[in-house]
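A.B. asks: turn this into a model:
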Amino acid sequence: MKALPTLVRMRHTVEPRTAIVTGATGQDGYFLVRHLLADGWTVHAPVRDIQAAEALFERHPGLRAVRRDLRDPGPLCALVGDVRPEELYNLAGESSVGASFADPRATWESNAHIVVSLLDAVRLDSPDTRFYQASSGEMFGSAPGASVVHDERSALNPQSPYAAAKAAAHLLCRSYRESYDVRIACGILFNHESRRRGPRFLTRKVIDHVAALRSSSTLEPLALGNLKVQRDWGFAPEYADGMITILRQTTVRGESDIAANYRDYVLGTGRLHHVWELVDRAFSLAGFELTWNLDGDDPVAWSAVFTESGATAVVVDPSFIRPADPVAIAADSSRITAELGWQPGEGLDGFLRDMLDDALAPAAQ
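C.D. replies: Numbering: from 1, shown residues only. Got it, this is the predicted structure:
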């Protein structure tokens, strides 16, 4: 992967090599903050639990953890004016599509409402700060049963409270960039996983089940939804590197560092894998070979057995089937590759090995 750019032009109205990162303790924030700290930056991390954040980053001298709550944007926005960071990365908010249906109001507050407050704080109190917004491939939506490939020109068609909030924030960022000359860039990220992935996600469910199999042979079969849908999965640390590259894009392209030269980028691997392929690879990496039955059009009839014993290993739970799910969703990240040199790594094996090594570590001790 191409080395990340180092900024060479600084404006006197910001604190050089200083960043604010919201969502610092989440998956993406974790890798982003670690990268910035390793590069010698000072990182201000607004969090609810200061001690937990300091422990997570091993009390790094460059970390400035401060207690802030997204539900009270006033103190968070005041931090922008107090610090005047060179870069601000907004990664905070609800990250689960499923959870957004359970609490759409909270999702809107954390994923959309807070963004306008942060943008105004930059516009009014630190106009030379570069602002990165975490957008999502979910904004594009899809047609049920269709196969789609999305790039930066794809129409927004949000189909969940999460996607709607992300789309609103994305459009707001474009408006501020064009209307107020704020240097804003959005990274439109597709699925990316790592050992930091939370329990509500498919990859975590699969890895936790596989890790448990190493110490127990009496587990119930792994129950999943449609095994034949295809998705674009990448490795989270690489996407965190992509965020930094996106925010420093004018330096990479050798252009004037003005708002008009900032643009948004899609990040993805461009490679599709069926859910069953992801599951098969996870089991294989843990030492379990599966034999699959994927015949017919009824997803409930699909399953897998352990090749050695013939015991059932994977089944489909009808309650997990979503008829409106698209057959395939892939990202076209050719623009960022051509313009900024970012490229994804090995895909499935990269994050599955990372997650499995972490899940099995306690058992190995």
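A.B. asks: dump stretch 19-26 to PDB, restricted to CA.
C.D. replies: Provided in PDB are the C-alpha atoms of stretch 19-26 (Å, rounded to 0.1, in the frame of the first residue of the first chain):
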ATOM      1  CA  ALA A  19      -6.500  16.100  15.600                       C
ATOM      2  CA  ILE A  20      -9.900  15.500  17.200                       C
ATOM      3  CA  VAL A  21     -11.400  12.100  16.700                       C
ATOM      4  CA  THR A  22     -15.000  11.400  17.700                       C
ATOM      5  CA  GLY A  23     -15.800   7.700  18.100                       C
ATOM      6  CA  ALA A  24     -12.200   7.000  19.100                       C
ATOM      7  CA  THR A  25     -13.000   3.800  21.000                       C
ATOM      8  CA  GLY A  26     -15.000   2.300  18.200                       C
END
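A.B. asks: run through who's touching that stretch.
C.D. replies: Contact partners of stretch 19-26, identified using C-beta atoms under 8 Å, 6 or more residues apart in numbering, comprise 29-30, 32-33, 36, 41-47, 49, 52-53, 56, 65, 70, 76, 79-80, 83, 85-93, 95, 114, 118, 134, 196. The way it works is simple: take the backbone N, C-alpha and C, and place the C-beta from them, glycine included.
A.B. asks: repeat the analysis, applying 6 Å as the threshold.
C.D. replies: With C-beta atoms under 6 Å, 6 or more residues apart in numbering as the test, stretch 19-26 has contacts from 29, 33, 36, 41, 43-47, 53, 56, 85, 87-92.
A.B. asks: next one: stretch 332-348
C.D. replies: 1-2, 149, 151-152, 234-235, 238, 242, 245, 249, 252, 265-269, 271, 273, 281.
A.B. asks: residues touching Val227, list them.
C.D. replies: Careful, residue 227 is Leu and not Val. Val275, Trp276, Trp302.
A.B. asks: now Ala65
C.D. replies: Contacts of Ala65 (C-beta under 6 Å, 6+ apart): Ala45, Val47, Ile50, Ala53, Glu54.
A.B. asks: also Ala52?
C.D. replies: Ala52 touches nothing, counting by C-beta under 6 Å, 6+ apart.
A.B. asks: any idea how far it is from Val66?
C.D. replies: Taking C-beta to C-beta, to the nearest Å as the measure, Ala52 falls 13 Å from Val66.
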